[in-house]
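# Starting from these lines, generate the structure:
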Amino acid sequence: MPIDCFFFFLSAHNFLRTVTSIVLLVDIGPDNTIIRTFLFEFPWQFGYCACACYMLGIVQTLVNSNRDTAGVLSTTSKEAHVFGTVLIISPFIVNNSCALVAGILETTDLSLGELWTQMLYVSWISHCTVLSLVASVMGFKLLRLVNKNFKNIKAKTFDLTFLERLITGLTRIRLLLLLIVSCLMGYVLLLIFYITFRSFILRSTPFSFLYCIAWNNFATTLTMVACILFLQSGRTKEESTSAGVKSDGQESHVETTFGEIITDDEEESSCGQSVLSLVAMEALEHIQSMHYPTLEKQQSSSTLHPSNGSQSSSITLVSSQH
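Reported below is the predicted structural model:
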C-alpha cells in the first residue's frame, strides 16, 4: 500500500542516514572513498522514493476516478504504474552508478572523478525537479476534483461533523503536498547553490555548518510532519466515529452512510485511501461510490431517518442526479 511504502522509505532513509553519521563520527574507513561515497549517496534515494510513492498513489486515485469524472486524467492504471516505477527505480540505477564511479576515479583520475560528481548533481536536480512538478500537477488535479465534489456534498449534507472532517482532511492533503514539493525544490536549490559556490562553502566553516543544517533537516522535517498528520487523521476519525454512534436513540447520519461505503468499497479504493490522509480519502470514496450500481442499490433500499419518509440518505440524493 502506498502509505505503507511512504513511511517505510522515510524510515529507511532516516535509519541509513543515522548509520552514515555514525560511520563519519567514528571515522571508519577514512581512506576508502568508494564506501564513503556510496554510504553518503545511498540513503537519499529512499527519501526520494517516499515522495514518489505518495505521488504514485495520487495518480492512481485520479486514474480510478477517471471512469466517473471525465477529463480528470487521460491515462490508464498500467501507464501510471509504469511511470511511477520508473521514477522510483531510476535514482537507484543512475545515481548509485555515478557515485560509485566517482569514488573509484577519485584515486586514479581526479578530474574525471569530479566530472562524474557533477553528473551526479545534475541527475539529482533532474529527478527532484521532475518529481516536484508531477506532484504539483497531480496534487492540483486531485484537490480540484475533491473541491468540486465537496460543494455538491455540502449542498446535500447537513451533518456538520462530516463536513468538518472533510475540510480537515483537505487541509492536511494541501499541507503534505506543499511540504513534499518544498522539500524536493529545496534540495534542487541547495544542489545548484553548492555547484555554484562549492569552493567557498568548503573554505568557510560557519557557512558549511549552515549548509549542513539546511541539507539534513529537509527530510527530517518532512518525516515529522507526515507522522503528525497521519496520527492526527487516525485520531480525528476515531473521535468522529465514537461521537456519532448514537444521537437521541438514532444512529448518526455520517456513520450509517459511511460505514456501509467504506466496508463495501474498501477493496476498490484501497490504493487511493492509502496514499492520502485517511480522513480526506473518505471524501473521495464518498464521491466515487455514487457511481457504483451495487452501492446505489444498497443505499436506495435503506433510509437513515425512518420517522421522516421524505428524507433519505445524502448519497441516495446525490446518486439520483446521476
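
# Can I get stretch 192-206 in PDB? Just the C-alpha atoms.
Included here for stretch 192-206 are C-alpha records, laid out as PDB according to Å, rounded to 0.1, in the frame of the first residue of the first chain:
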ATOM      1  CA  ILE A 192      22.500  24.400  -7.600                       C
ATOM      2  CA  PHE A 193      23.900  26.600  -4.800                       C
ATOM      3  CA  TYR A 194      26.500  24.000  -3.900                       C
ATOM      4  CA  ILE A 195      27.600  23.500  -7.500                       C
ATOM      5  CA  THR A 196      28.000  27.300  -8.000                       C
ATOM      6  CA  PHE A 197      29.700  28.100  -4.700                       C
ATOM      7  CA  ARG A 198      31.400  24.800  -3.800                       C
ATOM      8  CA  SER A 199      34.900  26.200  -3.200                       C
ATOM      9  CA  PHE A 200      33.500  29.000  -1.000                       C
ATOM     10  CA  ILE A 201      31.400  26.600   1.100                       C
ATOM     11  CA  LEU A 202      34.300  24.200   1.700                       C
ATOM     12  CA  ARG A 203      36.600  27.000   2.800                       C
ATOM     13  CA  SER A 204      34.000  28.700   5.100                       C
ATOM     14  CA  THR A 205      33.400  26.700   8.300                       C
ATOM     15  CA  PRO A 206      30.300  28.700   9.500                       C
END
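
# contacting residues around that stretch?
Applying C-beta atoms under 8 Å, 6 or more residues apart in numbering, the external contacts of stretch 192-206 come out as 118, 121, 125, 207-208, 211. In this view, the C-beta of every residue, glycine as well, is placed from N, C-alpha and C.

# What is the nearest of the residues you listed to Lys141?
For Lys141, the nearest member of those is Ile125. The distance, counting by C-beta to C-beta, is 24.9 Å.

# How much space separates the closest one from Val59?
Ile125 sits at a distance of 22 Å from Val59 (criterion: C-beta to C-beta, to the nearest Å).

# Next: Ser111.
Using C-beta to C-beta, one obtains 42 Å as the distance from Ser111 to Val59.

# So for these two, which sits in the more crowded spot?
Set side by side, Ser111 and Val59 show more neighbours around Val59, with 25 against 7, by other C-beta atoms under 10 Å.

# In which helix or strand does the more buried one reside?
Counting by DSSP states H and E, the element that carries Val59 is helix 33-65.

# Quick one: mean pLDDT for that helix?
The predicted model gives helix 33-65 an average pLDDT of 84.

# ok, now stretch 80-88?
Averaging pLDDT along stretch 80-88 yields 84.

# any weak-confidence spans in this protein?
1-2, 65-77, 155-159, 232-322 (pLDDT under 70).

# hmm, 80 instead?
With pLDDT under 80 as the threshold, the chain has low-confidence stretches at 1-4, 6, 29-31, 33, 60-80, 146-173, 218-223, 225-227, 229-322.

# after whichever helix in it runs longest comes which helix or strand?
Looking across the chain with DSSP state H, the single longest helix is helix 110-156. Per DSSP H and E, the first helix or strand lying C-terminal to helix 110-156 is helix 160-196.

# mind checking how far the closest residue to Ala99 other than its chain neighbours is from Gly169?
Distance criterion C-beta to C-beta, 6 or more residues apart in numbering; nearest residue to Ala99, sequence neighbours excluded, is Glu41 at 3.9 Å. Separation of Glu41 from Gly169 (C-beta to C-beta): 36 Å.
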